[in-house]
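In: Kindly return the folded structure for what I paste below:
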Amino acid sequence: MSVDRKGRAWAGFIATRIVAMAVDAATIGAAYLAAFCMRFNFGEPSWGWRGVASSFVVVCVVHLMSLFAFGCYRMAWRRVGVRDFPRYLGAMAAACAVLMAIRVMMPDIAKSSIRPPYSITLMTFFVGTVAILGVRALWRAYWASRTGDGGLLERDERTFDNSVAARFLAGRTVMVTGAGGTIGSELVRQVAAAGASKVLMVERCENALYEIDRQMRGLKVASAMVPLMADAGDAVKMGALLSAEKPSVVIHAAAYKHVPMVELNPEEGWRNNLDATRRLAELALGHGVERFVLISTDKAVNPVSVMGKTKLAAEQAIMSLGGGQEASSAGTATSFCAVRFGNVFGSSGSVVPLFREQIASGGPVTVTHPDMKRYFMTVQEAVSLVLQAASRRERAIYTLDMGDPVRILDLAENMISQAGFRPYVDIPIVFTGARPGEKLFEEIDVSEKSAYRTDMAKIYITRAAE
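Out: Residues are numbered from 1 along each chain as shown. Next comes the predicted model:
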């Protein structure tokens with residue numbers, strides 16, 4: 001399959017270069033004609049338009065050869081930036097110099113059908129340079145306007161009606177663990193935007209906590225933002241925090257999520273993903289938290305990795321805590337739920353930032369297996385649906401409908417193309433083999449045999465929660 005893809009990539013490269021040269025020929029032709037029109041006040045020169053057309057063949061060939069020699073056809077147009085202007089300026093200046101030299105060597109006006117006048121050559125240089133760069137700048141602007149995460153996800157980014165979640169969160173104190181992570185920080189932003197009175201940002205990584213606190217201060221939200229450097233697995237500290245702040249909602253996003261790392265450190269995975277979750281859920285139950293939401297993963301479905309097994313065990317642990325049937329000493333029942341979804345596009349430790357780093361360094365881009373597929377959502381989509389699920393009352397394991405899975409190889413090729421390079425031509429792709437604990441396909445299933453549809457779009461209740 002990779003051989004076929006490489007062949008198609010090279011065929012596409014050759015085809016696009018031919019098209020690029022044809023467009024450049026037309027652009028230079030327009031500039032050349034404009035030069036004659038300006039020089040002769042739209043009148044016909046003494047050697048006639050036929051002679052002009054004959055001399056254009058020489059002018060076109062010289063310009064195209066110069067652009068080729070200066071490497072202007074090695075890069076995709078959408079990658080041409082200001083730093084590349086000297087290359088194009090040099091190519092056009094070299095073509096101008098060659099045409100001037102031809103004019104010097106052929107001073108006889110009878111040979112005007114072979115060499116243009118000095119004035120026409122200079123005017124073509126100025127007009128042609130602007131036109132050549134202008135065409136590329138317009139293409140780059142057009143390409144930038146149509147690319148984004150939605151294009152890489154092979155679908156448009158979706159927006160959801162968050163009014164129900166906003167009504168639920170408004171005026172409440174909400175605690176978010178793992179608040180400095182990709183998911184946690186977006187949870188903080190959306191919870192604050194929903195009108196929570198106070199947001200407790202629990203994060204044990206100092207730099208991550210500093211960053212989300214700095215961002216929220218910059219946004220000047222109405223919510224009181226409280227940065228708390230703490231481990232969500234510290235029962236003493238979490239108990240004291242819950243007792244002092246009395247949050248209505250706890251959204252537990254803190255976890256180890258990197259499959260190979262947890263596979264290599266299983267004891268720490270179980271401690272952080274299961275034991276810490278169980279202790280925090282028990283504390284939430286005892287301190288009158290109204291809603292406890294566990295951020296889970298598609299890897300908890302028929303898990304083969306340690307990470308997936310720890311998240312499944314964490315789901316089972318919170319589901320065993322009564323699910324709203326038991327009340328705290330304050331008389332408040334706690335409703336527990338978990339929300340499963342797949343990969344968050346661009347999250348730290350995921351394949352997207354890795355690919356971007358590899359592309360920026362010139363490759364190669366590493367893909368574990370040509371058939372590897374994953375479900376993806378943007379972090380804004382995922383968090384929006386998490387908060388909608390949080391606003392519900394069921395004791396449930398929710399599954400988010402993430403659309404169709406994305407082939408990782410297709411994602412790699414699209415990211416290379418979006419960066420302005422050609423897969424296999426400019427940036428090689430190599431296959432490294434599946435890593436420990438990885439499946440070729442994750443198993444999110446929202447069909448009727450596996451899940452109930454809720455009245456909220458894209459949110460399902462897995463039947464396994466019954």
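In: A131 against Y32, yeah?
Out: No: at 10.3 Å, A131 does not count as touching Y32 under the criterion of Cβ atoms under 8 Å. Every C-beta, even on glycine, is put in place using the N, C-alpha and C of the backbone.
In: Can you name the next helix or strand after the helix or strand of the chain with the lowest mean pLDDT?
Out: The helix or strand of the chain with the poorest confidence is helix 149-152; it has a mean of 59 (mean pLDDT, DSSP states H and E). Next along the chain after helix 149-152, taking DSSP states H and E as the criterion, comes helix 163-169.
In: Now the helix or strand following that next one: average pLDDT?
Out: Next helix or strand after helix 163-169 toward the C-terminus (DSSP H and E): strand 173-177. Across strand 173-177, the average pLDDT comes to 97.
In: Same question for stretch 450-459.
Out: 78.
In: Not counting it itself, show me its contacts.
Out: By Cβ atoms under 8 Å, 6 or more residues apart in numbering, the residues outside stretch 450-459 that reach it are 158, 160-161, 164, 385, 388-389, 392, 398-401, 445-446, 460-464.
In: Now the nearest residue to R278 once chain neighbours are set aside: which helix or strand?
Out: Closest residue in space to R278, ignoring its immediate chain neighbours: A317 at 4.4 Å, by Cβ to Cβ, 6 or more residues apart in numbering. Here A317, judged by DSSP H and E, is contained in helix 306-319.
In: Please state the offset of the longest helix that the chain contains from the chain centre?
Out: Secondary structure of the chain per DSSP state H: the longest helix is helix 2-39. Distance of helix 2-39 from the chain centroid (Cα atoms, centre = their mean, to the nearest Å) equals 30 Å.
In: could you say what helices and strands that helix packs with?
Out: helix 48-69, helix 118-146 (3 or more Cβ pairs under 8 Å, 6 or more residues apart in numbering; DSSP states H and E).
In: 10 Å instead?
Out: With contacts taken as 3 or more Cβ pairs under 10 Å, 6 or more residues apart in numbering; DSSP states H and E, helix 2-39 sits against helix 48-69, helix 85-105, helix 118-146, helix 408-418, strand 429-431.
In: any low-confidence regions in the stretch 301-450 of the chain?
Out: Counting by pLDDT under 70, the stretch 301-450 of the chain has low-confidence residues at 322-332, 349, 445-449.
In: Only C-alpha atoms, please: export the helix holding A317 in PDB.
Out: Coordinates of each C-alpha in helix 306-319 appear next as PDB, following Å, rounded to 0.1, in the frame of the first residue of the first chain:
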ATOM      1  CA  VAL A 306      -2.900  -1.200  31.100                       C
ATOM      2  CA  MET A 307      -4.200   2.300  30.600                       C
ATOM      3  CA  GLY A 308      -7.500   1.100  29.200                       C
ATOM      4  CA  LYS A 309      -7.900  -1.400  32.000                       C
ATOM      5  CA  THR A 310      -7.200   1.300  34.700                       C
ATOM      6  CA  LYS A 311      -9.800   3.500  33.200                       C
ATOM      7  CA  LEU A 312     -12.400   0.700  33.000                       C
ATOM      8  CA  ALA A 313     -11.700  -0.200  36.600                       C
ATOM      9  CA  ALA A 314     -12.100   3.500  37.500                       C
ATOM     10  CA  GLU A 315     -15.500   3.600  35.800                       C
ATOM     11  CA  GLN A 316     -16.600   0.500  37.700                       C
ATOM     12  CA  ALA A 317     -15.300   1.900  41.000                       C
ATOM     13  CA  ILE A 318     -17.400   5.100  40.800                       C
ATOM     14  CA  MET A 319     -20.400   3.200  39.500                       C
END
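In: Thanks a lot, see you next time.
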